[in-house]
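Enquirer: Build me a model from this:
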Amino acid sequence: MAQNVAEKFLKDSTTKSFDLRHREIINNNIDKYNLAFEKGKSKFLDLANSKKKANLVKWKVIENLDRYLLDFEANFTRNGGKVIWANDAEEARQEIWKIMEKHQAKSVVKSKSMATEEIELNHFLNDKGIDTIESDLGEYIIQLLDHKPYHFVTPAMHLSLEDIAKLFHEKFDTPLDATAEQLTMKARELLRSHYTSADIGISGANFLIADSGSIAITENEGNARLTTTFPKVHIAVVGIEKILPSLADLDLFWPLLASHGTGQNLTVYNSILSGPRLDTDTDGPDEMYVILLDNGRSRLLEKKEQRQGLYCIRCGSCLNVCPIYQNIGGHTYETTYQGPIGSLISPHLSGMKEFKHLSYASSLCGKCTEVCPVGIDIQKMLLLNRRDAVQEDLTPAMEKRMWKGFTYAIQRRKLIDFFGGKLKNFFVRNFFKKAWGSNRELPEFPKKSFAQQWKEKEKQH
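Expert: Okay, here's the model as predicted:
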């Protein structure tokens with residue numbers, strides 16, 4: 001199984017890397033992001049200080065996660081909400097199904113949520129015969145295509161306007177040359193009735209607020225507000241790491257999330273939901289549940305050196321700057337969370353044996369660490385994951401033998417210098433011909449080694 005996942009990753013990555021149309025679409029979208037991001041982060045008086053403060057807040061929370069989660073539960077319950085703890089994806093799905101059965105629900109409207117993608121909720125509900133509709137435009141598009149999100153902030157980033165226009169033409173008979181505005185209006189028209197007719201609204205949350213017992217949702221389309229307001233029951237599925245100590249922390253985290261996620265000063269809609277509708281409220285659900293999802297997060301918490309991976313606020317900035325992600329795309333990772341942060345956390349959430357290869361899918365250029373708004377040292381964490389994979393004896397026997405041979409040779413300079421460039425080229429071209437793939441040529445070894453050339457140069461001086 002583990003070998004199959006790794007092999008599929010290499011195969012898909014090779015194909016996607018040389019798909020020029022894919023690269024054109026991604027580069028175009030990321031170029032737009034880069035312009036917006038530069039503008040957005042320039043609004044901070046001292047961005048470095050803001051990131052340092054955010055890092056300290058998340059450090060405090062993760063080091064005291066049990067206490068803050070219990071504070072959230074106590075305060076949210078006091079507000080009239082119900083908290084459910086889910087150890088894994090199956091437990092989360094079954095708890096949601098119990099709520100569905102209790103309310104005899106037949107239809108669900110969802111706002112964007114990576115936690116529900118993580119537990120594969122849509123397929124589960126569809127198998128149960130529940131009519132489930134995604135209300136975020138990007139999520140709605142990939143639901144129509146039966147794709148997984150390509151990027152956890154912009155799930156349909158891999159599609160061009162022409163692709164989406166063709167999809168809507170086939171599904172809803174809209175014009176093939178429809179503009180982005182026309183397609184958005186069509187989606188709005190199709191989705192409106194679902195908000196008022198759905199039995200249950202399901203969302204994620206960007207943050208859990210411990211001191212007020214609230215969830216905070218950040219969005220740009222207003223669909224999350226409709227999803228959490230009209231249905232009689234609201235279920236929020238949230239990872240346990242999303243906690244913040246105080247409502248006042250949003251003053252820092254909302255702008256950091258917006259600027260690094262989309263380049264905005266602040267996203268269009270920012271909602272704080274503290275429980276079900278009160279008698280004095282004019283709208284809102286009669287019942288509200290928050291499912292606190294572990295699903296491997298405790299395993300990452302156990303790793304003292306790597307637990308900072310839990311600081312992530314899912315802004316997606318590390319994906320947008322990553323030279324690997326930009327070339328191989330999001331679907332090759334076969335995980336809910338892609339790119340550098342996905343490569344860091346997925347081996348702990350889904351198994352080191354199955355996903356250790358993702359920690360090697362990095363040039364270690366450090367750009368991901370540089371842009372992270374909460375200061376996660378992603379490149380170092382990837383190296384620690386590699387170390388753990390070796391210590392857990394998950395390295396194939398052939399790879400071990402190769403590294404053993406390389407180590408033996410590299411520690412013996414005279415042995416390397418003994419063989420000339422001609423022999424080295426023969427050896428490499430015959431035994432490592434496919435090492436760089438079929439689209440690249442291996443470099444030529446010079447006749448003399450670097451050490452020999454250096455000695456000769458020193459003699460000349």
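Enquirer: show me the contacts for the residue nearest to the spatial centre of the chain.
Expert: The centre of the chain sits closest to residue 337, judged by C-alpha atoms, centre = their mean, with a distance of 3.0 Å. Residue 337 is in contact with 114, 118, 152, 314, 345, 346, 349, counting by C-beta atoms under 8 Å, 6 or more residues apart in numbering. Any C-beta I mention is one placed from the backbone N, CA and C, and that applies to glycine too.
Enquirer: can these go into a markdown table with extra columns for pLDDT, secondary structure and distance to residue 450?
Expert: A markdown table is the format used below for these (pLDDT from 0 to 100; DSSP: H, G, I helix; E, B strand; the rest coil; distance: C-beta to C-beta, whole Å):
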| residue | pLDDT | secondary structure | distance to residue 450 |
| --- | --- | --- | --- |
| 114 | 96 | helix | 47 |
| 118 | 97 | helix | 48 |
| 152 | 90 | coil | 43 |
| 314 | 97 | coil | 44 |
| 345 | 97 | helix | 39 |
| 346 | 96 | helix | 38 |
| 349 | 94 | helix | 42 |
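Enquirer: With distance to residue 383 and neighbour count as extra columns, can I get these in a markdown table?
Expert: Shown next, in a markdown table, are the contacts of residue 337 (distance: C-beta to C-beta, whole Å; neighbours: other C-beta atoms under 10 Å):
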| residue | distance to residue 383 | neighbour count |
| --- | --- | --- |
| 114 | 25 | 16 |
| 118 | 25 | 22 |
| 152 | 23 | 22 |
| 314 | 23 | 18 |
| 345 | 15 | 27 |
| 346 | 16 | 25 |
| 349 | 19 | 22 |
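Enquirer: nearest to residue 59, of those?
Expert: residue 345 (16.6 Å; C-beta to C-beta).
Enquirer: Any figure for the gap between that closest one and residue 241?
Expert: Going from residue 345 to residue 241 by C-beta to C-beta, to the nearest Å gives 9 Å.
Enquirer: just residue 79 next, same as before
Expert: According to C-beta to C-beta, residue 79 stands 22 Å off from residue 241.
Enquirer: for residue 137, same thing?
Expert: Taking C-beta to C-beta as the measure, residue 137 falls 27 Å from residue 241.
Enquirer: List phi and psi for residue 221.
Expert: Main-chain dihedrals, residue 221, degrees, to the nearest 10: phi -110, psi -10.
Enquirer: if I read this right, it contacts residue 136, doesn't it?
Expert: Yes: in this structure, residue 221 is within contact of residue 136 by C-beta atoms under 8 Å, at 6.4 Å.
Enquirer: Common neighbours of residue 345 and residue 241, please.
Expert: 310, 312.
Enquirer: I'd like to know the average pLDDT value across the host helix or strand of residue 138.
Expert: Secondary-structure assignment from DSSP states H and E places residue 138 in helix 137-145. Mean per-residue pLDDT for helix 137-145: 96.
Enquirer: Check which helices and strands that helix sits against.
Expert: Helix 137-145 sits against strand 131-134, helix 161-172, helix 180-197, with contacts defined as 3 or more C-beta pairs under 8 Å, 6 or more residues apart in numbering; DSSP states H and E.
Enquirer: now, of these, which is deepest in the fold?
Expert: strand 131-134 (a mean of 20; mean count of other C-beta atoms under 10 Å).
Enquirer: give me the low-pLDDT residue ranges for the stretch 251-400 of the chain?
Expert: When residues are selected by pLDDT under 70, none of them lie in the stretch 251-400 of the chain.
Enquirer: quick one, strands of it?
Expert: Applying DSSP state E, counting those that start in this stretch to the stretch 251-400 of the chain gives strands spanning 269-273, 287-293.
Enquirer: Out of the ones you listed, which one sits most buried?
Expert: Ranked by mean neighbour count, the strands of the stretch 251-400 of the chain are led by strand 287-293 with a mean of 24 (mean count of other C-beta under 10 Å).
Enquirer: Show residues contacting that strand.
Expert: Under the criterion C-beta under 8 Å, 6+ apart, residues 69, 73, 76, 80-86, 89, 92, 95-96, 99, 103, 115, 118-119, 205, 208, 215, 232-240, 273, 275-276 lie in contact with strand 287-293.
Enquirer: what's the spacing between residue 197 and residue 18?
Expert: 46 Å.
Enquirer: and if you look at residue 143?
Expert: Residue 143 is 29 Å from residue 18, by C-beta to C-beta.
Enquirer: What average pLDDT does stretch 414-423 get?
Expert: 85.
Enquirer: Stretch 445-461 too?
Expert: Model confidence over stretch 445-461, given as mean pLDDT, is 86.
Enquirer: How about stretch 159-167?
Expert: Averaging pLDDT along stretch 159-167 gives 95.
Enquirer: From the chain's centroid, how far away is that stretch?
Expert: Here stretch 159-167 shows a centroid-to-chain-centroid distance of 23 Å under the convention C-alpha atoms, centre = their mean, to the nearest Å.
Enquirer: ditto for stretch 122-130
Expert: Relative to the chain's own centre, stretch 122-130 is displaced by 24 Å; criterion: C-alpha atoms, centre = their mean.
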